[in-house]
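Peer 1: have a look at this prediction, sequence included:
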Amino acid sequence: MAYRISRNIEASVIEHLKDSVVSDWPGLTVEKAFSKVATLPALCVRSGNAVHSYLSVGERLTTRRVPIIIDVFCENDGQRLDLKDSIIDAVRGMIPYYTVGADFELTAAGQLVVEEITEVEVNLGVDKDQLHTTDRYRHRVTIYVSPTIVEG
């Protein structure tokens with residue numbers, strides 16, 4: 001079965017990060033689930049709750065704005081800072097939007113407009129030496145994207 005728009009957005013961001021960041025970071029993996037993060041450095045990409053805005057009163061046509069959360073898992077603070085900056089550089093502006101078909105083939109279908117980028121070091125409130133290695137040097141980059149398509 002082909003993906004619907006929410007999964008297409010996630011898949012598009014994952015594909016973009018693989019194309020634009022992984023080549024500069026040997027060993028970097030990009031995952032969809034926290035449970036798949038096994039080696040560092042790694043990125044975990046997921047979407048948050050979207051906001052659907054009507055184009056005009058009384059119509060069904062909407063656009064959506066989706067937060068995409070990119071959790072960055074690193075081996076040390078220097079790597080954390082450099083990798084989060086590489087991600088921010090890669091996502092500025094536009095990201096290609098793809099639809100994913102039944103055979104997992106990608107088809108270009110527009111763009112994702114990156115409207116806002118936020119980032120923060122993840123602080124779990126515990127001394128870093130007491131944390132599991134995957135949690136010691138974490139950062140979170142959140143991008144807010146809107147596909148260049150109208151729904152409805």
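Peer 2: Everything's here; your move.
Peer 1: now for the residue of the chain positioned farthest from its centre: which residues touch it?
Peer 2: Residue farthest from the centre of the chain, counting by Cα atoms, centre = their mean, is residue 58 at 32.8 Å. With Cβ atoms under 8 Å, 6 or more residues apart in numbering as the criterion, no residue contacts residue 58. For the C-beta atoms, the positions are set from N, CA and C on the backbone; glycine is no exception.
Peer 1: following the chain past the helix or strand bottoming out on mean pLDDT in the chain, name the next helix or strand.
Peer 2: Least confident element among the helices and strands of the chain, by mean pLDDT, DSSP states H and E: helix 133-136 (a mean of 80). Proceeding N to C from helix 133-136, the next assigned helix or strand is strand 137-147, under DSSP states H and E.
Peer 1: tell me which residues of that next one come out buried.
Peer 2: Buried residues in strand 137-147, counted by 16 or more other Cβ atoms under 10 Å: 137, 138, 139, 141, 143, 144, 145, 146, 147.
Peer 1: partners of that strand, with directions?
Peer 2: Under the criterion DSSP bridges, strand 137-147 sits next to strand 62-74 (antiparallel), strand 106-121 (antiparallel) in its sheet.
Peer 1: next, residue 91: phi, psi?
Peer 2: phi -100, psi 0 (degrees, to the nearest 10).
Peer 1: so where's the protein uncertain?
Peer 2: Scanning the chain for pLDDT under 70 picks out the ranges 130, 132.
Peer 1: could you spell out the sheet neighbours of the helix or strand residue 53 falls within, each with its direction?
Peer 2: In the assignment (DSSP H and E), residue 53 maps to strand 51-54. Strand pairing for strand 51-54, using DSSP bridges, gives strand 62-74 (antiparallel).
Peer 1: and residue 86, how far is that from residue 73?
Peer 2: To residue 73, residue 86 is 14 Å away according to Cβ to Cβ, to the nearest Å.
Peer 1: the two: which is more packed in?
Peer 2: Taking other Cβ atoms under 10 Å, residue 86 and residue 73 do not tie; residue 73 has more neighbours (27 against 18).
Peer 1: give me the number of residues near the closest residue in space to residue 22 that isn't next to it in sequence?
Peer 2: Distances taken as Cβ to Cβ, 6 or more residues apart in numbering put residue 28 closest to residue 22, at 5.0 Å, once the chain neighbours are dropped. For residue 28, the neighbour count with other Cβ under 10 Å is 21.
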